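Colleague: Any chance you can model this:
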Amino acid sequence: MGAKRQKNNPKREKNNQKKTKLLSNNIIATAVGLFSCIAGFYIVYFSNPHQNKVVTIEDIGGSYNITCSEDYKEHPIFTECTPIKTCGRFVRDNIVSDEEVEQLLALAKRGFAHGGSDGGASILDLHSGALSMGERFVNIYKFLENDALLETFRDEDFELYNDVKSRVHKTISEEFGIDPSKLYLTHPTFFSSITNTSAKTQHDEYWHKHIDKIQYGSFDYTSLLYLTSYKKDFEGGRFIFDDANSVIIEPKRGRLSFFTSGSENPHHVEKVTSGVRYAITISFTCDPKKSIKDPKIRT
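Modeller: Numbers count the residues shown, from 1 in each chain. A predicted model of the protein is given here:
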């Protein structure tokens, strides 16, 4: 229900097939990039050695400063922004209210209701329109009729989404001492939904260790806003930094975690064993050429 229908016109159908093929290629490219961030799949997998010491981010006061990696020097350097001297990982629990989390969660659920991966790990990108559907991806802005789109996405939802993004941007800028005008939203930024359903494709394998800066040259700062809570809404699904201390972040409704994106912060997500883990990945770059605009409803 709600999917667009076209009249049976041979000439128009041929032209639409060409457009659909091009659109499909663009969505697949976008979605593969998105799942690289969720799943950590990027040509090779890193090993995950046993760690003897495990501490949560709360154990170290919600922040953890570390030495920056050399990854950033392989890309254009922006002296007022690129993390060369100051790197770390942080957690903040006061960025969004409970009511705002509920609104964002409801937005995500309405979007995912039109699709969802067969393999347990789904994405919804409000910027590109990419939505997991079975073992493929569609552009939700093209897939749904206008009425269905307006029922799924409301202006106030997009206003909140953009406002929360701005708060996250401000928080990262302040913690890392960056001029806010030098830090830009980048691709991919998206909602994720993870269940314990067995993976069907490589895109569903979100649990592999990875490094964001290596996967995406544009990434300089990564953030995640959790919309559901560990042990309350799901089991498993903790965020683990794979360093000597194996620092763990336990997802919590409204909790924001953010960190520099280089090899100083390798990480993975535990397999979800029950329930549904919802989150928003919001990524930032220092390169204005790789910035993206705030999303808006396309009808």
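Colleague: Test my guess that residue 165 contacts residue 184.
Modeller: No: using C-beta atoms under 8 Å as the test, residue 165 is too far from residue 184 to be in contact (11.3 Å). For glycine as for every other residue, the C-beta is placed from the backbone atoms N, C-alpha and C.
Colleague: More neighbours: these two, which one.
Modeller: residue 184 (22 against 19; other C-beta atoms under 10 Å).
Colleague: and the more buried one, backbone torsions?
Modeller: The phi/psi pair for residue 184 (degrees, to the nearest 10) reads phi -130, psi 140.
Colleague: tally of neighbours for the closest residue to it other than its chain neighbours?
Modeller: Nearest non-adjacent residue to residue 184, counting by C-beta to C-beta, 6 or more residues apart in numbering: residue 291, 3.5 Å away. Residue neighbour count, defined by other C-beta under 10 Å, stands at 15 for residue 291.
Colleague: what ranges do the helices span in this protein?
Modeller: Ranges of helices in the chain, per DSSP state H, are 10-39, 98-112, 140-143, 146-152, 155-176, 212-215.
Colleague: what's the offset of the last one from the middle of its chain?
Modeller: When you say that, I think you mean helix 212-215. 13 Å (C-alpha atoms, centre = their mean, to the nearest Å).
Colleague: my read: residue 252 touches residue 95, true?
Modeller: No: using C-beta under 8 Å as the test, residue 252 is too far from residue 95 to be in contact (11.9 Å).
Colleague: Of those two, give the one with the bigger neighbour count.
Modeller: With neighbours defined as other C-beta under 10 Å, residue 252 and residue 95 compare such that residue 252 has more, 20 against 17.
Colleague: What pLDDT is listed against the spatially closest residue to residue 117 that is not a sequence neighbour?
Modeller: Closest residue to residue 117 apart from its sequence neighbours, by C-beta to C-beta, 6+ apart: residue 132 at 4.1 Å. At residue 132, the model reports a pLDDT of 96.
Colleague: How about residue 132: which residues does it bridge to?
Modeller: residue 137 (DSSP bridges).
Colleague: Kindly report the same for residue 224.
Modeller: Counting by DSSP bridges, residue 224 is bridged to residue 257, residue 281.
Colleague: Now do residue 69: how many residues are near it, please.
Modeller: Each residue near residue 69 was counted by other C-beta under 10 Å, and the total is 20.
Colleague: so it touches residue 266, yeah?
Modeller: No: Residue 69 is beyond contact range of residue 266, at 9.5 Å (criterion: C-beta under 8 Å).
Colleague: Could you measure from the residue nearest to residue 68 when sequence neighbours are not counted over to residue 174?
Modeller: Among residues not flanking residue 68 along the chain, residue 87 sits closest, at 4.0 Å (C-beta to C-beta, 6+ apart). Using C-beta to C-beta, to the nearest Å, residue 87 is found at 16 Å from residue 174.
Colleague: more neighbours, these two?
Modeller: Shown here are residue 87 and residue 174; by other C-beta under 10 Å, residue 87 has more neighbours (22 against 10).
Colleague: Isn't that one up against residue 70?
Modeller: No: in this structure residue 87 lies outside contact range of residue 70 using C-beta under 8 Å: 11.4 Å.
Colleague: how long is stretch 248-267 from one end to the other?
Modeller: 9 Å (C-alpha to C-alpha, to the nearest Å).
Colleague: before we move on, the earlier item: mind checking how far the residue nearest to residue 117 is from residue 200?
Modeller: Separation of residue 132 from residue 200 (C-beta to C-beta) stands at 11 Å.
Colleague: Residue 103 against residue 157, yeah?
Modeller: Yes: using C-beta under 8 Å, residue 103 and residue 157 qualify as a contacting pair, with a distance of 6.6 Å.
Colleague: residue ranges with poor pLDDT in this structure?
Modeller: 1-62, 245 (pLDDT under 70).
Colleague: number of nearby residues for residue 273?
Modeller: Residues lying near residue 273 (other C-beta under 10 Å) number 11.
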